[in-house]
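Enquirer: Fold the following for me, if possible:
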Amino acid sequence: MVISMDRWVGKVAVVTGASTGIGAAIADQLVSNGLKVVGIARRVELVEQRSQDLSDQPGKLYPYKADVSQQDQIVEAFTWIEDTLGPVHILINNAGVAKDTTLVDGDYDAWRATLDVNVLGLCVATREAIKSMKKHDVKGHIVHINSLCGHRVPNFPGFNIYPASKHGVTALTETLRQELNFLGSKIKVTSVSPGLVATEMTTLKEMDPEKRAVVDTFPVMSPEDIADGVIYVLSTPEHVQVHELTIKPVGEIY
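Expert: Model prediction:
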């Protein structure tokens, strides 16, 4: 199997949640591989700064301000992308949130915010990307940034609805694969499930000190480790589909 990013050079990739962490690392690597990358984020000023920092790379990073939990903003983003840059070839559904609450006495708004981004936002972005790919007969690739929590529930307090949202991503990956097969489409879909990664979401300052003390004992990966995995799955030949890529740090306890 020949691993190469050559067929994506000059093509359009979309990365949601591109302001920091895994999304930013993925955007960086795509730009370094010569792609036109649209970095969607609410804090678009962070993407703008990264775009300047990457100005000497073969590709280019285009900042776009949008809230992935808002359907109309996602639709407007993809309309702008197609009108400005052309058809979408790659979508990285990276945007995700986790709220510190519980199921026993949890906050409804926190639950809803998690589902709006992790499940519904992912679905809307996927729909819009595939619409563009089908319109232009693009053999594209959809990558969902999932989690180990999408396959098992860690015995750790405070996860509440987050594992359910990521189990949803696991199911959505397979459901989309089956739908694409039914349509005879050559669009690929991959779930990438990391273990603990050092990002803003996992280093919350407001986290309970006792929980923080436990988390700090866990082995951890960098966002760049996950970006490497994404580049790998994108580099596979057109006839090869990595359906699920699980990435754990050495010593992972779950």
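Enquirer: going forward, measure contacts between C-alpha atoms and count neighbours the same way
Expert: Fine.
Enquirer: all strands in the stretch 151-254 of the chain, in order from the N-terminus.
Expert: Using DSSP state E, counting those that start in this stretch, the strands found in the stretch 151-254 of the chain span residues 188-194, 244-247.
Enquirer: What of the stretch 1-150 of the chain?
Expert: Under DSSP E, counting those that start in this stretch, the stretch 1-150 of the chain gives strands at 12-16, 36-41, 60-65, 88-93, 141-145.
Enquirer: Output those strands as a markdown table; include the columns mean pLDDT and distance to M1.
Expert: Below are these laid out as a markdown table (pLDDT from 0 to 100; distance: least, C-alpha to C-alpha, whole Å):
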| stretch | mean pLDDT | distance to M1 |
| --- | --- | --- |
| strand 12-16 | 98 | 23 |
| strand 36-41 | 98 | 26 |
| strand 60-65 | 98 | 28 |
| strand 88-93 | 98 | 21 |
| strand 141-145 | 98 | 18 |
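Enquirer: isn't G23 right next to N94, touching?
Expert: Yes: checked against C-alpha atoms under 8 Å, the pair G23 and N94 is within contact range at 5.8 Å.
Enquirer: Common neighbours of the two, please.
Expert: Taking C-alpha atoms under 8 Å, 6 or more residues apart in numbering as the contact criterion, the common neighbours of G23 and N94 are V15, T16, G17.
Enquirer: in terms of contact, does the second one touch R42 like I think?
Expert: Read that as T16. No: at 9.6 Å, T16 does not count as touching R42 under the criterion of C-alpha under 8 Å.
Enquirer: And these two? Which one has more around it.
Expert: Counted by other C-alpha atoms under 10 Å, T16 and R42 do not tie: T16 has more neighbours, with 27 against 16.
Enquirer: Against P219, how distant is that one?
Expert: 26 Å (C-alpha to C-alpha, to the nearest Å).
Enquirer: just V68 next, same as before
Expert: The value you get for V68 to P219, if C-alpha to C-alpha is used, is 30 Å.
Enquirer: So between the two, which is more surrounded?
Expert: For V68 versus P219, the count of surrounding residues by other C-alpha under 10 Å is larger for V68: 27 against 16.
Enquirer: Quick check: the more buried one touching C123?
Expert: No: counting by C-alpha under 8 Å, V68 stays clear of C123, with 10.2 Å between them.
Enquirer: What's the local residue count around the closest residue in space to S51 that isn't next to it in sequence?
Expert: Distances taken as C-alpha to C-alpha, 6 or more residues apart in numbering place L61 nearest to S51, at 5.1 Å, with adjacent residues excluded. L61: 27 surrounding residues under other C-alpha under 10 Å.
Enquirer: Contacts only, for L61.
Expert: With contact set as C-alpha under 8 Å, 6+ apart, L61 has these partners: A27, V31, K36, V37, V38, G39, V47, R50, S51, L54.
Enquirer: By neighbours, which of these wins?
Expert: Compared across those, A27 has the highest neighbour count, 33 neighbours, by other C-alpha under 10 Å.
Enquirer: pretty sure it contacts V15?
Expert: Yes: using C-alpha under 8 Å, A27 and V15 qualify as a contacting pair, with a distance of 6.6 Å.
Enquirer: Contacts for stretch 119-127, please.
Expert: Applying C-alpha under 8 Å, 6+ apart, the external contacts of stretch 119-127 come out as 68-71, 74-75, 91, 93, 95, 142, 144, 165-166, 168-169.
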